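Trainee: sequence unknown, structure follows:
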RNA sequence: CGGGGAGUAGCUCAGACUGGUAGAGCAUCGCGUUUGGGACGCGAGGGUCGCAGGUUCAAAUCCUGUCUCCCCGACCA
C-alpha cells in the first residue's frame, strides 16, 4: 500500500477526550474515530489490526474443534423471557420495538439464541459434544463507556458455546477453551494469566478471567511470577487429550485480581522473589454454567438410557475489539505503538526519504516490489514530506520494521532497517535487508 | 445512576468575570527558501461560538431550558 493513497488521518496532537494511552494512540494513528459515546468507526489501519486479531482467534478456535457460525445481532425478546434474563439484564440491554410492536433487542451475548438453535436440532447424546462460536458485534448499554475501545458500548466479541451430555464432558470443553485461550493470547504477543473470577450475570460456578499485564490496566492483579515466565507456545498440547493436568498447572499457582486477592494466602503460597503485583486488563472470560439455560429453555437430549436430560453448557468470550486497545496498552513507547508482529497492520514500513530524487525513487520502488514479492505486507511512504514527519508517523503507527531509503545511505549502496521494538538500526545492502526481513 | 467538568476554525485552546459584531498555534491552499527525526518566510481560505428560548439598542459573553461529550465513583468482554 502506498501511503500517498492510503486513508491514514494521523493526528499530531492528542484529542482532548482521550485519557488513556491506547485511546490516544488509536486516535492519533488514525485507527478509529468516535461516532458517539462508546461507539467507534474503524478506519483502514485499525480495521486491519482488528481483522488480524480476529483471524488468530478464529484459527485457534478452529484448531480446538470449535465450529464457526454467525448469529444475528438483533434477537427476539421471547427467548430472553424464557431464560429469565429479560428482566435481570436491566438497562444494559438495548431494547428495540419493531414496526409491528414486537419487542426485540440488540444482543449483549448469545446464550439464549445458541441454546434455541441447538435445542431445535440436537436430540440425542450421540449428537454431542458440540462446540460452536461466532465473532460478532455486541451492544451493551454501559452506564459509563470509557477508554476508547477498551470499554465501548458496541464491541466485537468472539463468543463460543459448549454443549455436553454431562459434567465431565462440559469440563473437557472448558479445559479445551482454557488452553486454547492461552495459546490465542500468546500468539498475539501477550502474557495472559487466567484468574479465578466471579461469574456475574452469565451465571455458573466455574469461571476464569484472562488478564494481560499492562501498566495502565484497570485492575490491580497479584500472581506468581512463574505464570508470567511460561512459554505457552512451546508447550505442545494435545487438545483432544486430557487437559486437566495442564489446567491444573495454571490454576494451582496463585493469581488473583484485587477483588479476589487474599494477601495472607499470597504471601504463604508465593516466595517473595516471585510475587508480582501489577496492573491488568481483562481480555477474556470463560464460564461453565451447567444447565442454567438448557433447563430454563427445555434444551434436553436423550441420554444412553433414553431419558431426557438438560445439556451441560459453557460459554467462552474474547473481547476482540478490546484486544486492540489492550495490546497497545501493553505494547507502546513514547513515540507511539509498537505492534507485535502477528497483529501488526503491515509487516514493514518503507520510507523513501527523498521523493523526487531519481536514485531514491528507484531504490525505494525496487524495495517495495521485492518486499511484496516476498509475501510481506508493506506500507510504502512515498509522500513528499520531510524526513522528520515520516519518521515520526512511522514510529507512531508502530510497524515492526522500518526500511529507510535515503540519499545518504544510497551513496554507499545501503539502506537502513530499524527494528521498532528495540530501536536498533542496521545498515545493509538492499539484498541483505530483504533477506533479513524475510527470514 | 450519583458527583464534577467541557462544548468557540479540521486539531489543541484563548476570549466570558467587566455585553459592543471572534483570535492564536498547528493543519489546509498558493509562492519562495529549506530538506536524515514533526522546518522557515510571505500571502490566502476556513467559525449559524452545541441547540432553543429570554434579557438588551446590542449576546460567544448575562438568564432559563435542552442536547452532546469527558472525568471520578458503583457495574462490565
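Mentor: Happy to help now that I have it. This is a predicted model, so every value here is computed, not measured. Numbers count the residues shown, from 1 in each chain, chains lettered A, B, ... in the order given.
Trainee: can you give me how far stretch A:91-105 is from the chain middle?
Mentor: Between the centre of stretch A:91-105 and the centre of its chain there are 29 Å (C-alpha atoms, centre = their mean, to the nearest Å).
Trainee: buried ones in that stretch?
Mentor: Neighbour-count burial for stretch A:91-105, counted by 16 or more other C-beta atoms under 10 Å, picks out A:93-94, A:104-105. All C-beta spots, glycine's among them, are computed from the backbone N, C-alpha and C.
Trainee: which of those residues fall within strands?
Mentor: Counting by DSSP state E, the buried residues of stretch A:91-105 place A:94, A:104-105 in strands.
Trainee: mind putting these into TSV with pLDDT and distance to RNA strand B?
Mentor: TSV is the format used below for these (pLDDT from 0 to 100; distance: C-beta to the nearest atom of the strand, whole Å):
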residue	pLDDT	distance to RNA strand B
A:94	92	13
A:104	94	21
A:105	94	16
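Trainee: so residue A:81: helix, strand or coil?
Mentor: helix (DSSP: H, G, I helix; E, B strand; the rest coil).
Trainee: neighbours of it, just the number please.
Mentor: Per other C-beta atoms under 10 Å, the neighbour tally for residue A:81 reads 14.
Trainee: pull up the pairing partners for the longest strand along chain A, direction included.
Mentor: The longest strand of chain A (DSSP E) is strand A:275-290. Applying DSSP bridges to the sheet, strand A:275-290 is found paired with strand A:206-213 (antiparallel), strand A:219-224 (antiparallel), strand A:312-319 (antiparallel).
Trainee: deepest-packed of those strands, please.
Mentor: Counting by mean count of other C-beta atoms under 10 Å, strand A:312-319 has the highest mean neighbour count of the strands paired with strand A:275-290, with a mean of 26.
Trainee: for the stretch 201-350 of chain A, give me the ranges with low pLDDT.
Mentor: Residues of the stretch 201-350 of chain A that meet the criterion pLDDT under 70 lie in A:201-205.
Trainee: for it, which residues are neighbours of RNA strand B?
Mentor: Listed as neighbours of RNA strand B in the stretch 201-350 of chain A under the rule C-beta under 7 Å from any atom of the strand: A:201-202, A:209, A:218-219, A:282-285, A:317-319, A:321-322, A:335.
Trainee: rerun at 10 Å
Mentor: A:201-202, A:207, A:209-211, A:218-219, A:257, A:259, A:281-287, A:315-326, A:334-336 (C-beta under 10 Å from any atom of the strand).
Trainee: all strands for the stretch 301-439 of chain A, in order.
Mentor: Here the stretch 301-439 of chain A has its strands, by DSSP state E, counting those that start in this stretch, at A:308-310, A:312-319, A:332-333, A:336-337, A:348-352, A:378-381, A:401-405, A:415-419, A:425-428.
Trainee: mind giving me the packing neighbours of the first one?
Mentor: Helices and strands in packing contact with strand A:308-310 are listed as strand A:300-302; criterion 3 or more C-beta pairs under 8 Å, 6 or more residues apart in numbering; DSSP states H and E.
Trainee: contact partners of the strand it packs on?
Mentor: A:119, A:122-125, A:127-128, A:165, A:294, A:308-311 (C-beta atoms under 8 Å, 6 or more residues apart in numbering).
Trainee: of these, which belong to helices?
Mentor: Within the contacts of strand A:300-302, residues falling in helices by DSSP state H are A:119, A:294.
Trainee: identify, from the contacts of strand A:300-302, the entry nearest to RNA strand B.
Mentor: residue A:294 (20.0 Å; C-beta to the nearest atom of the strand).
Trainee: tell me how many other residues surround the closest residue to that closest one other than its chain neighbours.
Mentor: Spatial nearest neighbour of residue A:294, chain neighbours left out: residue A:310 (3.9 Å); criterion: C-beta to C-beta, 6 or more residues apart in numbering. Residue A:310 has 19 neighbours, counted by other C-beta under 10 Å.
Trainee: of the contacts of strand A:300-302, buried ones?
Mentor: Buried among the contacts of strand A:300-302 by 16+ other C-beta under 10 Å: A:119, A:122, A:125, A:128, A:165, A:294, A:309-311.
Trainee: surely residue A:293 meets residue A:118?
Mentor: No. Between residue A:293 and residue A:118 there is no contact under C-beta atoms under 8 Å: 10.1 Å.
Trainee: what is in contact with these two at once?
Mentor: residue A:299.
Trainee: higher neighbour count, these two?
Mentor: The neighbour count for residue A:293 versus residue A:118, taken as other C-beta under 10 Å, is higher for residue A:293 (28 against 21).
Trainee: how about that one, what does it touch?
Mentor: Residue A:293 touches A:83, A:111-112, A:115, A:299, A:313, counting by C-beta under 8 Å, 6+ apart.
Trainee: and the residues you listed, which is closest to RNA strand B?
Mentor: Looking across the contacts of residue A:293 and measuring by C-beta to the nearest atom of the strand, the closest to RNA strand B is residue A:111, at 12.0 Å.
Trainee: surely that closest one and residue A:84 touch.
Mentor: No. Using C-beta under 8 Å, residue A:111 is not in contact with residue A:84, being 11.4 Å away.
Trainee: so those two - more neighbours on which side?
Mentor: Neighbour count, other C-beta under 10 Å: between residue A:111 and residue A:84, residue A:111 has more, with 25 against 15.
Trainee: could you find the closest non-adjacent residue to the more buried one?
Mentor: Going by C-beta to C-beta, 6+ apart, residue A:111 has residue A:293 as its nearest residue, at 5.2 Å.
Trainee: quick one: residue A:387 and residue A:415, what's the gap?
Mentor: 14 Å (C-beta to C-beta, to the nearest Å).
Trainee: helices along the stretch 151-300 of chain A, start to end?
Mentor: A:167-187, A:225-229, A:244-251, A:263-269, A:292-297 (DSSP state H, counting those that start in this stretch).
Trainee: which elements pack onto the second one?
Mentor: Other helices and strands packing on helix A:225-229, by 3+ C-beta pairs under 8 Å, 6+ apart, are strand A:275-290.
Trainee: flag every buried residue along the strand it packs on.
Mentor: Going by neighbour count (16+ other C-beta under 10 Å), the buried part of strand A:275-290 is A:276, A:279-290.
Trainee: return the member of those nearest to residue A:22.
Mentor: Ranked by distance to residue A:22 (C-beta to C-beta), the buried residues of strand A:275-290 are led by residue A:281 at 9.3 Å.
Trainee: residues contacting the residue lying closest to residue A:7 once chain neighbours are set aside?
Mentor: Leaving aside its sequence neighbours, residue A:7 sits nearest to residue A:44 (C-beta to C-beta, 6+ apart; 5.2 Å). Counting by C-beta under 8 Å, 6+ apart, residue A:44 touches A:6-8.
Trainee: now do residue A:208
Mentor: A:178, A:194-197, A:251, A:285-286.
Trainee: next, give phi and psi for the residue nearest to residue A:7.
Mentor: Here is the backbone geometry of residue A:44 (degrees, to the nearest 10): phi -50, psi -50.
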